[in-house]
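Engineer: Quick check, what structure comes out for this input:
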Amino acid sequence: MFSTPFILSFSLLLSLPILFFFLAPAFHTQPLPPLPVPDELDDLRLFRRASSAASFTSHLSSSSPKLKIAFLFLTNTDLYFAPLWERFFRNQSKSLYNIYIHADPTVNITRPHGGVFDNRFIPKAKRTFRASPTLISATRRLLATALLDDPANAYFAVLSQYCIPLHSFRYVYHSLFTSPSFDLTHSDPDPQLTQHGVRVSYQSFIEVLSKEPGLWKRYVARGRDVMLPEVPFKRFRVGSQFFVLTRKHALVVVRDRKLWNKFKLPCYSPHECYPEEHYFPTLLSMQDPKGYTRYTLTRVNWTGATHGHPHAYKPAEVSPELISRLRNSKYSASYLFARKFLPDCLTPLLDIADSVLFRD
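Structural biologist: The predicted model follows:
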């Protein structure tokens, strides 16, 4: 028969899968380190300046008709589609837009020179990590910088290096500021206009969802009761990190301290934790539930998504038919931007820029 040592060894071998099952949480990836205190203090000074210098007024009723869109780019690589965006802004008055770029300072990025992106990198940029509160901080820095820089910035569009425009600048500007029918979820046949022909009442375009699968796992990613009492589960929201905010809501974001103190906490379930997809929708849904549209203007294809990454379009997929499909929205007259495109899509996109993308 089998010896006692053999039986003990065999039993231990059989028990290993069971032990691993119960001890697996102990082997989870360690959470990212908390934000450095100097970075937090630096941000706080910036946010206080932006909060005190800016006004809650919308500027839509101001004496200046030159309301601007602030285009806010988050990147940790080169701006792959800078030539396409140059085409987008070509021949447009700079009195209608501003550009701000937050680039991870730990990455060697080639900065465009001589075009619309020249000298548009903000000086207070900090290191960023995917699926971490550093992306929230980076977005808040962009918003604060744009608020301080120009009181005419009335809309703030958050984009990434993988985003492309789906229409001309003229179409985007008209859709946001003057079109009475762009938002298909809100019917106002006789919108109130200023003397300059722009709407007095306008909303942020941000996706806010409350019944997505897996929401509970994301809520408890920092610990079961960590978000309480400030953020009960019934108030927890999710949505795209790419949105277009009004000036009023940009100020709400940079003035917030209470929710930020919860969302900046490290996660112990990293695969369930995407703070940048929760902080902004949760904050606005709690602060101004009637002030936004609940949908985004940036089209993303989540078919076949892997590890939290959406479908990435390849050069062979770029075509007029693709652009037409990406524009199609059941919430607005059209999506205005789209992602995620691989860098080598630049050439085929430039080939159809004038004939498709920017032909309204």
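
Engineer: Straight-line length of stretch 294-303, end to end?
Structural biologist: From the first residue to the last, stretch 294-303 extends over 21 Å; the measure is C-alpha to C-alpha, to the nearest Å.

Engineer: Repeat that for stretch 146-154.
Structural biologist: Stretch 146-154 has an end-to-end distance of 10 Å (C-alpha to C-alpha).

Engineer: For it, buried residues please.
Structural biologist: Buried residues in stretch 146-154, defined by neighbour count with 16 or more other C-beta atoms under 10 Å: 146, 147, 148, 151, 152, 153, 154. C-beta: built from backbone N, CA, C; applies to glycine.

Engineer: Report the two of these separated the most.
Structural biologist: Of all pairs drawn from the buried residues of stretch 146-154, the one with the longest distance (C-beta to C-beta) is 148 and 154, at 14.6 Å.

Engineer: Could you pull out the strands in this structure for me?
Structural biologist: Here the chain has its strands, by DSSP state E, at 68-75, 97-103, 153-160, 164-165, 204-207, 244-246, 292-294, 298-300, 337-339.

Engineer: counting contacts, what elements does the second one pack onto?
Structural biologist: Based on contacts counted as 3 or more C-beta pairs under 8 Å, 6 or more residues apart in numbering; DSSP states H and E, the elements that strand 97-103 packs against are strand 68-75, helix 134-149.

Engineer: Could you list the residues in contact with it?
Structural biologist: Applying C-beta atoms under 8 Å, 6 or more residues apart in numbering, the external contacts of strand 97-103 come out as 68-76, 79, 89, 109, 111, 116-117, 120-122, 125, 128, 138-139, 141-142, 145-146, 149-150, 153, 169, 173.

Engineer: how much distance is there from that strand to the middle of the chain?
Structural biologist: On the basis of C-alpha atoms, centre = their mean, to the nearest Å, the separation between the geometric centre of strand 97-103 and that of its chain is 14 Å.

Engineer: Show me what the mean pLDDT comes to for it.
Structural biologist: The pLDDT scores in strand 97-103 average 98.

Engineer: Could you quantify the relative orientation of it and helix 134-149 as an angle?
Structural biologist: Interaxial angle of strand 97-103 relative to helix 134-149 (axes from the mean of the first three to the mean of the last three C-alpha atoms, to 10 degrees): 140 degrees.

Engineer: I'd like the strands of the chain as JSON lines, with distance to residue 43 appended.
Structural biologist: Shown next, in JSON lines, are the strands of the chain (distance: least, C-beta to C-beta, whole Å):
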{"stretch": "strand 68-75", "distance to residue 43": "15"}
{"stretch": "strand 97-103", "distance to residue 43": "12"}
{"stretch": "strand 153-160", "distance to residue 43": "17"}
{"stretch": "strand 164-165", "distance to residue 43": "30"}
{"stretch": "strand 204-207", "distance to residue 43": "21"}
{"stretch": "strand 244-246", "distance to residue 43": "18"}
{"stretch": "strand 292-294", "distance to residue 43": "24"}
{"stretch": "strand 298-300", "distance to residue 43": "25"}
{"stretch": "strand 337-339", "distance to residue 43": "26"}
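
Engineer: Distance check, residue 278 against residue 72.
Structural biologist: Look at residue 278 and residue 72: by C-beta to C-beta, to the nearest Å, they are 19 Å apart.

Engineer: Check residue 339 too.
Structural biologist: To residue 72, residue 339 is 14 Å away according to C-beta to C-beta.

Engineer: ok, these two, which is more surrounded?
Structural biologist: Neighbours around residue 339 and residue 72, counted as other C-beta atoms under 10 Å, are more numerous at residue 72. The numbers are 28 against 22.

Engineer: which residues touch that one?
Structural biologist: Residue 72 is in contact with 100, 101, 102, 139, 142, 143, 146, 156, 157, 158, 159, counting by C-beta under 8 Å, 6+ apart.

Engineer: Great, nothing more from me.
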